[in-house]
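# What follows is a predicted structure for the sequence shown.
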Amino acid sequence: MIVEDITGKMIHFTKSVFMPRDIMIPNSPHGQAAVDAPVMDEETNNWAIPDDFSKDFNTLKYRMKADPLPLYHENHLINPMHMNKIISSALVEVQFSLQHWHIKDYDTFQATAQKITILKLGAIHVPSNYKCPNPSGDKTIPGQPETKRCNMRRKQALEIG
């Protein structure tokens, strides 16, 4: 829960994206057509997932339901598709539950995020000008330090084009 790196101590929170369903949803057209059969919720059914994981997700969604991170900005719930970009470097207020277990001589804690409110958005990250490809294919420009070469290539490309 407490993580330390070169910037100092931080608290690490976890939140499961999927939770077990109380009642499993039938994974067949016949089971879904049965009287009083449980129905797939819209959030899980329409959850955006990369193509590489769609097959695994399609088997998982009948046993698990989506439980997105409750991330709010100005009292509006943030769409899960945009959460990573918005929460990056943001100042947030976290409401969480804390669980404690004392097992033999060890204390174990788990903090689970209940609600996250963005107080201040983080800085916008603009791609660096120094990480651009060389349009002419020339790997070096004589007399220029490595960090300046990309801008020189860009200027040369503008003059040529």
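Alright, I've got the coordinates. Residues are numbered from 1 along each chain as shown.

# Contacts for stretch 28-39 next, please.
R21, I23, M24, I25, P26 (C-beta atoms under 8 Å, 6 or more residues apart in numbering). (Glycine included, C-beta is placed from N, CA and C.)

# buried ones in that stretch?
For stretch 28-39, a neighbour-count test (16 or more other C-beta atoms under 10 Å) marks nothing as buried.

# average pLDDT for it?
Averaging pLDDT along stretch 28-39 gives 75.

# Let me see the ranges of the helices in the chain.
29-33, 42-45, 54-60, 83-87, 149-160 (DSSP state H).

# Dead centre of this structure: give me the residue that sits there.
Residue closest to the average C-alpha location in the chain (C-alpha atoms, centre = their mean): N84, at 4.1 Å.

# and it, how far is that from T112?
Using C-beta to C-beta, to the nearest Å, N84 is found at 19 Å from T112.

# Could you do D105 as well?
Plainly put, D105 is 25 Å away from T112 if you go by C-beta to C-beta.

# who's more crowded, the two?
Taking other C-beta atoms under 10 Å, D105 and T112 do not tie; T112 has more neighbours (12 against 5).

# Any idea what the more buried one is bridged to?
Beta bridges link T112 to T14, S97 when assigned by DSSP bridges.
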